[in-house]
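Peer 1: Whatever this is, show me its structure:
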Amino acid sequence: MCTYRGLRDGVPALLGLLRRAKARATFFVTFGPDASGLALLKLLNPAFAWKMFRTKAGATYGWATAFYGTLLPSPLVGAGLTEVVQRVRDEGHEVGVHGWDHRRWQDRLPKYKPDRLHDEFRQMLEAYEKVLGTRPSFFAAPAWRVSPLLLDLEAEAKLAWASDVRGPRPFLPVFEGREHAVPQLPVSLPTLDECQGRMTDEEFVAETLRLAAGQPDYCCFTAHAESEGRAHQGALEAILARAGRPVSPLGEVPRSGLPRLAMGMGRVPGRPYEVCVQR
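Peer 2: Now for the predicted structure:
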C-alpha cells in the first residue's frame, strides 16, 4: 500500500473482499510520506507517460495524490493511518513493511547514498513498531528496486523473509555475486497495471487464472489497493472466487530446503523501468 489514498480508501474495500472470500493475505505498507506528485516530473519519459495514460492514473490515484510532495504536502501513509494498519492485523492478515518513501525509492534508489538508505530503513522499522507494537518480520522493496546494501539491512533486521523480486519460486538470493541470508518469496504473476491497455479486466482475470493453474506449488499475486481496492474490485473478486485453491499469506509458505539462486535487475513486460528478477 504505497499511497495515502490507497491505504485510506482501498484497503477497507480489500478487507471486505477477502472477508467474503474467506481468504487471508499479506499487506505490505509504506509507512512514510506519500510523495506521489513527484511522478509528474517523469512525464517527459515516453514509456512512463504511456503507462500513466493506459492505467488512467489520475482516476486511479486521485488528483490530490498527483500533487502530494509538490503543490501539496506529503501525508504520512502507514504512520498517518494507524487505525487502518491495525485493522488489517486485527482481521487476521499479515502486515509487512514496504519502505519509508515509496516514490523517491522507486525513482532514485540507485543514486541513494548509504546513509540515506540506512535512515529510511530505520524510520520504516521504527514506524511499524510504533503502530503495531512489534518489529516487522518481512519486507517488500518498493517497485521491486533492490541494492546490495538493502539485502544487508534485511539480514541485520533479522527479517524472516522478503518479497523483493519477480520470479517463479522461493529461493535464497545471490545478488551481484554475493550470497544473502534472507529468503525471497517472489511475485510470480503479472499485475493488473502491467496488463492495462492490452487487456480488459475480464481478460486479465482469465489470464491470471490460467497462469496460476500452471503454478501449483507456489503462486504469488500482487493486488494494489489503488486499483483492485477501488475501480477494479471486480477483477480481484473474480480471481478470489475462481482461484480453486486456498488463498493465504506469504508467511505460511515453507522456507526450508530452498535453492540458492541468482537475481538481478531486468525488465518485466508492462513495467517502464527495471525491477529485480529471478535468474
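
Peer 1: correct me, but W144 touches R267?
Peer 2: No. Look at W144 against R267 with Cβ atoms under 8 Å: they stay out of range, at 11.3 Å. C-beta: built from backbone N, CA, C; applies to glycine.

Peer 1: who's more crowded, those two?
Peer 2: Higher neighbour count among W144 and R267: W144, with 23 against 11, using other Cβ atoms under 10 Å.

Peer 1: tell me the contacts of R267?
Peer 2: E274, V275, V277 (Cβ atoms under 8 Å, 6 or more residues apart in numbering).

Peer 1: so, if you compare those, which one comes nearest to R5?
Peer 2: Nearest to R5 among these, counting by Cβ to Cβ, is V275 at 23.4 Å.

Peer 1: Which residues belonging to the lengthiest helix in the chain are considered buried?
Peer 2: Scanning the chain for the helix with the most residues, using DSSP state H, yields helix 114-132. Counting neighbours by 16 or more other Cβ atoms under 10 Å, one finds that the buried residues in helix 114-132 are L117, E120, F121, Q123, M124, L125, A127, Y128, V131, L132.

Peer 1: circling back: and which of the contacts of R267 is nearest A140?
Peer 2: The nearest member of the contacts of R267 to A140, counting by Cβ to Cβ, is V275 at 11.7 Å.

Peer 1: Pop out the phi and psi values for that closest one.
Peer 2: Main-chain torsions, V275, degrees, to the nearest 10: phi -130, psi 170.

Peer 1: same deal with A262?
Peer 2: Torsion angles, degrees, to the nearest 10, at A262: phi -90, psi 150.

Peer 1: which non-adjacent residue is nearest it?
Peer 2: Of all residues not flanking A262 in the chain, R279 sits nearest, at 4.0 Å (Cβ to Cβ, 6 or more residues apart in numbering).

Peer 1: one step back: beyond the longest helix of the chain, next helix or strand please.
Peer 2: strand 138-139 (DSSP states H and E).

Peer 1: Helix 114-132 and the helix or strand just after that next one, what's the angle between them?
Peer 2: Note on strand 138-139: by DSSP H and E, the next helix or strand toward the C-terminus is helix 148-156. Per axes from the mean of the first three to the mean of the last three Cα atoms, to 10 degrees, the angle that helix 148-156 makes with helix 114-132 is 40 degrees.

Peer 1: can you pull the buried residues of helix 148-156?
Peer 2: Buried positions in helix 148-156, judged by neighbour count with 16+ other Cβ under 10 Å: L150, L151, D152, L153, E154.

Peer 1: quick one: average confidence on the helix or strand that that helix is followed by?
Peer 2: Once the chain leaves helix 148-156, the next helix or strand it forms, by DSSP H and E, is strand 161-162. For strand 161-162, mean pLDDT rounds to 98.

Peer 1: which secondary structure elements does strand 161-162 contact?
Peer 2: Strand 161-162 is packed against strand 138-139, with contacts defined by 3 or more Cβ pairs under 8 Å, 6 or more residues apart in numbering; DSSP states H and E.

Peer 1: can you list contacts of the strand it packs on?
Peer 2: With Cβ under 8 Å, 6+ apart as the contact definition, strand 138-139 has outside contacts at 26, 28, 94, 96-98, 154, 157, 159-164, 250-251.
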